[in-house]
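*Asks:* Structure of the sequence below:
(chains A and B)
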Amino acid sequence: MLNKKKLNKRLVLPKAAEAIIRPILFTSALTAVFVIVLIAFFIFQKGWPVISSYGLWNMLSGTVWQPTKEIYGILPMLTGTFYITLIALLIGIPFGLATAIYLSEIAPPRTAGIIRPAIELLAAIPSVIYGLFGIVVINTFMRYLQRGLLSGILPPDYQLGYSVLSGGIVLAIMILPTIINIAEDSLKAVPRAYKEAALALGSTHIQTIFRVLIPAAKSGIVSAIVLAMGRSIGETMALIMVIGNVTALPQHGLLSVFAPSSSLTATIALEMGYAGPQHQAALFAVGIVLFCIIALLNSFVIAFTRRGGQQQL
Amino acid sequence: MIKKAGFITLMLVLTFSLALVGCNSKEPVGNTKEPVGNTKELTGNIKLAGSTSVQPLAEELAMKYMEQHKQVKVDVAGGGSGVGIESAVNGSANIGMASRDLKQAEKDATPTLKTIVIAQDGISVVINPRNSVSNLTLAQIQDIFTGKVTNWKMVGGNDVNITVVNREEGSGTRGAFEEIVLKGAAYTDKAIIQNSTGAIKTAVVADVNAIGYISMGSMSADVKGVQVNGIAPTTDNVVKGTYPISRPFNFLVKGDPNEVTKSFIDWILAEGGQKIVTDQGYISIK
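*Replies:* Presented below is the predicted three-dimensional model:
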């Protein structure tokens, strides 16, 4: 009797549980899609009227941003966002890749045991702390540099400490963990046979790394870079604190790395607090532009990793 | 048609993309607690609209008032001082808010409008304590913030460039400063933008060449408030009317206000309401 009952339970419960668990899992999975649709819907609903009445091109190419006077040119912020991201990538990629290579190929386990937690800690630091660090350390140093050594060649309004370069440096530090972790994983995922074959053919360890492992891990490394790019385009708080939020186009060629700048995210966060209804709609319109940029970047990552995966087969 | 088609395509593309962007939403403040059985409880709605400078203070006052009067709902909307006057006149709000005195023309056009000063607000122009300048004229301050004057030497300081620190678009303090000091001129586009009093102070403390402005209630020892036309930025001087960068926070009502509105205004003008005014960093009318 007892045994039969137990047996019945065993047979029945799993089936019942399965019937319940499946839809739960499915709903959970669906939530992500639902949330994304909801966010897109509300951003577009609020921001689209501004884009359609002001004109997308007028907005993207306008150089004056005075939302309280209904002038919505976002070119300075757009330029600032990409300029700062470019600087961050130029600094962050070499450092990040070098670290990833060192960790996956060269580092003795004990050294890696120190470096890896440090990188994880770097990823866990809130961005406002990076911003404080930027204001106190990087901007002070920049000001010292701009008003000392470079004071002769820089225009006065490029001697403020707040600059594209400060923003780039802060972001470069912030994207390091992303680049290092993903690049290291993809280097480790390269089949062992590749490395063995290269070494057997007589290449040195360094030759193997640069000629065999990195090309083989290419798709992973590219996604690391694009994800880092997405992160730096989306970063807000740290940038607000260090770039000065000046909505003017950077000028004077290469000297413009010393210009104060602004970004799409920073402008939204700065102005949302006191914005009137029309101003708020304009900020949502900026949000639409930002949303599209990030969506494009992510689709690029998906497309690239898919293609890369097929190549490896 | 094309616009609509474009919109739909975009929506579809975005729906299927895996991007995620943070969304910021303000939750409405709602209190659904049971009212305590008071014997004579006021009920009704009060609508306020107008100056975005008065708005934060009015919201704070409304919140505290509603805590004590559970049956009254106070709505505070922005729009600017102009909207405040207009909505008081046409009755779309019980109380219009204005952060400036009414112009003579406005007074003539709306003889039934009553002005009630609920608080005063002074704005200090702040510089780094290591800066040797201690007095500026209103005209000099205007020139600095419009970008006409770019070197401290031109206003009696050292031969160094001025770092102008400004508030963000939409800020009430920025709007007031623009009205009182710039008098219709435009701010320089070279100014660093910071979005809070604290951030302005941080920027001024960090840079010996910096100049910014903050509400007088937020002054502290780490920044130096300059004298304007020789008058020190103190509460006393604002009350006396000698310090030039100050403004009244006005409530405008048309004719005789209804019972709830009158109770709200009286409550603000009484000691408790004025204490909130002081706590929020503004100057009490007492």
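
*Asks:* Now B:Met66: closest residue in space, sequence neighbours ignored.
*Replies:* Closest residue to B:Met66 apart from its sequence neighbours, by C-beta to C-beta, 6 or more residues apart in numbering or on different chains: B:Val74 at 5.8 Å. Using the backbone N, CA and C atoms, a C-beta is placed for each residue, glycine as well.

*Asks:* For stretch A:298-307, buried residues please.
*Replies:* A:Asn298, A:Val301, A:Phe304, A:Thr305 (16 or more other C-beta atoms under 10 Å in any protein chain shown).

*Asks:* tell me how far stretch A:277-293 is from the chain's mean position?
*Replies:* Relative to its chain's centre, stretch A:277-293 lies at 19 Å (C-alpha atoms, centre = their mean, to the nearest Å).

*Asks:* is it true that A:Asp185 touches A:Ser219?
*Replies:* No. Applying C-beta atoms under 8 Å, one finds A:Asp185 not in contact with A:Ser219, separated by 11.8 Å.

*Asks:* out of the two, which sits in the busier spot?
*Replies:* A:Ser219 (19 against 14; other C-beta atoms under 10 Å in any protein chain shown).

*Asks:* can you map out the helices along the chain?
*Replies:* No chain specified, so I'll use chain A. Ranges of helices in chain A, per DSSP state H, are A:2-54, A:56-61, A:75-101, A:109-124, A:127-133, A:140-147, A:164-188, A:192-200, A:205-207, A:214-216, A:218-234, A:237-242, A:264-272, A:277-312.

*Asks:* oops, I was thinking of chain B
*Replies:* B:2-16, B:55-68, B:81-90, B:104-109, B:138-146, B:172-177, B:197-206, B:235-240, B:259-269, B:271-279.

*Asks:* contacts with chain B among the buried residues of stretch A:298-307, please.
*Replies:* A:Asn298 (C-beta under 8 Å from any C-beta of the partner chain).

*Asks:* how about residue 239, what does it touch?
*Replies:* Answering for chain A, as no chain was given. A:Ile84, A:Gly131, A:Gly167, A:Val170, A:Leu171, A:Ser263, A:Thr265, A:Ala266 (C-beta atoms under 8 Å, 6 or more residues apart in numbering or on different chains).

*Asks:* wait, chain B
*Replies:* B:Val239 neighbours (C-beta under 8 Å, 6+ apart): B:Gln120, B:Ile283.

*Asks:* Relative to A:Gly273, how far out is A:Val128?
*Replies:* 16 Å (C-beta to C-beta, to the nearest Å).

*Asks:* Ok, A:Leu38 next?
*Replies:* Counting by C-beta to C-beta - A:Leu38 and A:Gly273 are separated by 23 Å.

*Asks:* Residues of the stretch 51-200 of chain A that sit close to chain B?
*Replies:* A:52, A:65-68, A:135-136, A:139-140, A:143, A:147, A:156-157, A:159-162.

*Asks:* So among the residues you listed, which ones count as buried?
*Replies:* A:65, A:67-68, A:135, A:139, A:143, A:147, A:156-157, A:159-162.

*Asks:* Check whether B:Gly230 really touches B:Ser134, as I assumed.
*Replies:* No. Using C-beta under 8 Å, B:Gly230 is not in contact with B:Ser134, being 10.1 Å away.
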